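J.: Take this sequence and fold it.
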Amino acid sequence: MKMQIHYMHFREFFSNVSESQVILVTLDELSAILDCTHRNVVLILKRMTQLQWLTWQPKRGRGNKSALTFIVRMEDMALEIARNLVEKRDLRGALEQMNHPSVPPMSRDTFQIWLYGYFGHIGK
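T.: Below is the predicted model of the structure:
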């Protein structure tokens, strides 16, 4: 779950960038977004690459910008986080996640339909 939240932080910071669009960014910028060390950012990026949430092509040398490309849409990740929270019996957290301003109304509707089905209700 922590990895999903890190991904959401990246996506919120780069909200104007669409999926499959390459961003040139430094490790300094990414570590500032997550408020962690360069080493941790590299480990997080490696894990996200393995999960196929993004691609990361690092460049060596101080000040050189690396290529970052998001694959998973922010809305899909928000929905996944909310579903995980419901399955962990944190309904309040799930609703807060889906009421975040970055989540579009269509994703909220999708979540609501899933939630009704999860609790055994048919239809809205």
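J.: I'd like to know how far the closest residue to Gly63 other than its chain neighbours sits from Ala94.
T.: Leaving aside its chain neighbours, Gly63 sits nearest to Thr26 (7.0 Å; criterion: C-beta to C-beta, 6 or more residues apart in numbering). No exception for glycine: its C-beta is placed from N, CA and C like everyone else's. Distance, Thr26 to Ala94, by C-beta to C-beta, to the nearest Å: 34 Å.
J.: How far away from the center of its chain is the helix or strand hosting Leu43?
T.: Element membership of Leu43 [criterion: DSSP states H and E] is helix 38-50. Distance, stretch centre to chain centre, for helix 38-50: 14 Å (C-alpha atoms, centre = their mean, to the nearest Å).
J.: buried set for that helix?
T.: 41, 44-45, 48 (16 or more other C-beta atoms under 10 Å).
J.: got the CA coordinates for the least confident helix or strand in the chain by mean pLDDT in PDB?
T.: Least confident helix or strand of the chain, by mean pLDDT, DSSP states H and E, is helix 105-118 with a mean of 86. Written as PDB, here are the backbone C-alpha positions of helix 105-118 (Å, rounded to 0.1, in the frame of the first residue of the first chain):
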ATOM      1  CA  PRO A 105     -16.300  11.700 -10.600                       C
ATOM      2  CA  MET A 106     -16.400   8.800 -13.100                       C
ATOM      3  CA  SER A 107     -13.900   6.900 -10.900                       C
ATOM      4  CA  ARG A 108     -16.000   7.700  -7.800                       C
ATOM      5  CA  ASP A 109     -19.000   6.200  -9.600                       C
ATOM      6  CA  THR A 110     -17.000   3.100 -10.500                       C
ATOM      7  CA  PHE A 111     -15.900   2.700  -6.900                       C
ATOM      8  CA  GLN A 112     -19.500   3.200  -5.600                       C
ATOM      9  CA  ILE A 113     -20.700   0.400  -7.900                       C
ATOM     10  CA  TRP A 114     -17.900  -1.900  -6.800                       C
ATOM     11  CA  LEU A 115     -18.600  -1.000  -3.100                       C
ATOM     12  CA  TYR A 116     -22.300  -1.900  -3.500                       C
ATOM     13  CA  GLY A 117     -21.300  -5.300  -5.000                       C
ATOM     14  CA  TYR A 118     -18.700  -5.900  -2.300                       C
END
